[in-house]
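Participant: Starting from these lines, generate the structure:
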Amino acid sequence: MKIINSKNSVEDSIKKVLREYTEALLIALIIAVIVRTFIFSAYKIPTEAMYPTLQVGDFVIGSKLSYGWRVPFLKDQIFYKKSPQRGDVIIFNCVKSGSGDCVKRVIAVPGDRIQIVKKNLFINNTKADYVISSSDQMGKANLVEKIGASERIISITHSRILENYGPVIVPPGQYFVLGDARDGTEDSRVWGMISGADIKAKALFIWMSLDWSEVWSNKGSVKVRWERIFRKIK
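Facilitator: Next up is the predicted model:
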């Protein structure tokens, strides 16, 4: 009659379960690294430079494949390369600002003639159309800016610091970007053009949005902006 050692049987079962969990965790980590490196990435919005499109506390998903597949550590090696289009909200390496990654909107592409006159945008000598969306008593207004097939809501104030720019022609391989909060951000008006090689991803949608305003003013706790979750960025 064969005697079964129950202690060894339990130990073997525990080892098997631990091995299976370890393998599953390792596979999950490998998949997460592949997705994070080659396909999607998450970014937190720390400033109001893209207000009202993006707000402080928004967490954004960016697609790394929208403009082609980039070879890791070789930013100039891109396969199936696609060019950013006017109106795209992009995430890129802020080489000239020295602040890591930035999120801005592509306004002009290579070959475009760009000019701003008293906050009015001109592309290839065509002036954008503006319609007031909302305004407040502090002199801040949201406007619908439309030029060609590209349309977005921007925010302006009475500031005249960056109200004029150009005219300049966008060089090959370069892009002119602006923040949607036109008077509260540094962008191509300050840095000049950005290189296509520095573009990392196209911003797709907001996956989480947290309002910290009451925490900062010691009036309450952080709140979730439910209405912004899964909002497409356009």
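Participant: contacts for stretch 130-147?
Facilitator: For stretch 130-147, contacts defined as C-beta atoms under 8 Å, 6 or more residues apart in numbering pick out 52, 86, 120-121, 123, 126-129, 151-158. Where C-beta positions appear, they are placed from N, C-alpha and C, glycine not excepted.
Participant: make it 7 Å
Facilitator: 52, 121, 123, 126, 128-129, 151-158 (C-beta atoms under 7 Å, 6 or more residues apart in numbering).
Participant: And the residue nearest to residue 118 when sequence neighbours are not counted, which helix or strand is it part of?
Facilitator: Once flanking residues are discounted, residue 118 sits nearest to residue 163: 5.4 Å by C-beta to C-beta, 6 or more residues apart in numbering. Secondary structure assignment for residue 163, by DSSP states H and E: no helix or strand.
Participant: right, and residue 163 touches residue 117 too?
Facilitator: No. Contact criterion C-beta atoms under 7 Å: residue 163 and residue 117 do not qualify, at 8.1 Å.
Participant: When the two are compared, which one has more neighbours?
Facilitator: Using other C-beta atoms under 10 Å as the criterion, residue 163 and residue 117 rank with residue 163 on top: 16 against 13.
Participant: what's the distance between that one and residue 208?
Facilitator: According to C-beta to C-beta, to the nearest Å, residue 163 and residue 208 sit 35 Å apart.
Participant: Over to residue 229?
Facilitator: According to C-beta to C-beta, residue 229 and residue 208 sit 6 Å apart.
Participant: next one: residue 113
Facilitator: 39 Å.
Participant: ditto for residue 226
Facilitator: According to C-beta to C-beta, residue 226 and residue 208 sit 10 Å apart.
Participant: quick one: which of those two has more around it?
Facilitator: The neighbour comparison of residue 226 against residue 208 (other C-beta under 10 Å) goes to residue 208, with 16 against 8.
Participant: Which strands and helices lie in contact with whichever strand or helix holds that one?
Facilitator: When elements are assigned from DSSP H and E, residue 208 belongs to strand 199-211. Judged by 3 or more C-beta pairs under 7 Å, 6 or more residues apart in numbering; DSSP states H and E, strand 199-211 is in contact with strand 58-63, strand 89-93, strand 223-224, strand 231-232.
Participant: what's the angle between the longest one and strand 89-93?
Facilitator: With axes from the mean of the first three to the mean of the last three C-alpha atoms, to 10 degrees as the criterion, the two stretches strand 58-63 and strand 89-93 enclose an angle of 90 degrees.
Participant: Can you tell me what sits against strand 58-63?
Facilitator: Here strand 58-63 has contacts from 40-45, 54, 91, 201-209, 228, 233, using C-beta under 7 Å, 6+ apart.
Participant: What's the PyMOL syntax to select whichever of the residues you listed are buried?
Facilitator: In PyMOL, a selection of the buried entries from the contacts of strand 58-63 looks like this (16 or more other C-beta atoms under 10 Å):
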select buried, resi 41+43+45+54+91+201+202+203+204+206+208+209+228+233
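Participant: Alright, I will stop here.
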